[in-house]
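Q: Here is a sequence with its predicted model. Questions after.
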Amino acid sequence: MQKGSDLNSVRISGQLFADVHLRYTPKGKAIVSFKLDVSSPGSEGKNKNYIKTLIPVVAYGEVVENVKEYLKKDTGLMIEGKLQSRSFITVEGEKKNVLEVVADKITKI
């Protein structure tokens, strides 16, 4: 049986939900966060309405620098990485929990 982070592996494809804005940390490391639209057809009725599913993704450093020109709305991407859970406190004092994909590799498809 594998241990630890070897079991935490994600591979997902979809389209960028919106244009991505590249940011840099104070130490100059590139960072992006975006939502990947992995919607799928529903099963009810003849219309088969799509079930909208937006997956939060974050990427850092070289992963971002290598693909920054592709990070535009509706671009098809394959994301490989791991799941990360984190929490934070909003300015209103509310605790929020987030489950997101931390990308190790981003490929345009």
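A: Sure thing, it's come through. Residues are numbered from 1 along each chain as shown.

Q: Quickly find the element holding V101.
A: Under the criterion of DSSP states H and E, V101 resides in strand 95-108.

Q: Could you list the buried residues of that strand?
A: 100-103, 106 (16 or more other Cβ atoms under 10 Å). Heads up, the C-betas are built off the backbone N, CA and C, glycines and all.

Q: Dump the C-alpha coordinates for that strand into CSV.
A: What follows is strand 95-108, C-alpha atoms only, in CSV (Å, rounded to 0.1, in the frame of the first residue of the first chain):
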residue,chain,number,x,y,z
LYS,A,95,-14.7,30.7,8.8
LYS,A,96,-14.6,29.3,5.2
ASN,A,97,-13.3,25.9,4.1
VAL,A,98,-11.9,25.3,0.6
LEU,A,99,-11.0,22.1,-1.2
GLU,A,100,-8.9,22.9,-4.3
VAL,A,101,-6.5,21.3,-6.7
VAL,A,102,-2.9,22.4,-6.5
ALA,A,103,-1.6,21.9,-10.0
ASP,A,104,1.8,20.3,-10.6
LYS,A,105,1.3,20.3,-14.4
ILE,A,106,-1.0,22.2,-16.7
THR,A,107,-1.4,21.2,-20.3
LYS,A,108,-3.5,22.9,-23.0
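
Q: So which residues of the protein form helices?
A: Counting by DSSP state H, the chain has helices at residues 62-65.

Q: lowest-confidence helix or strand of it?
A: Ranked by mean pLDDT, DSSP states H and E, the weakest helix or strand in the chain is strand 40-41, scoring a mean of 72.
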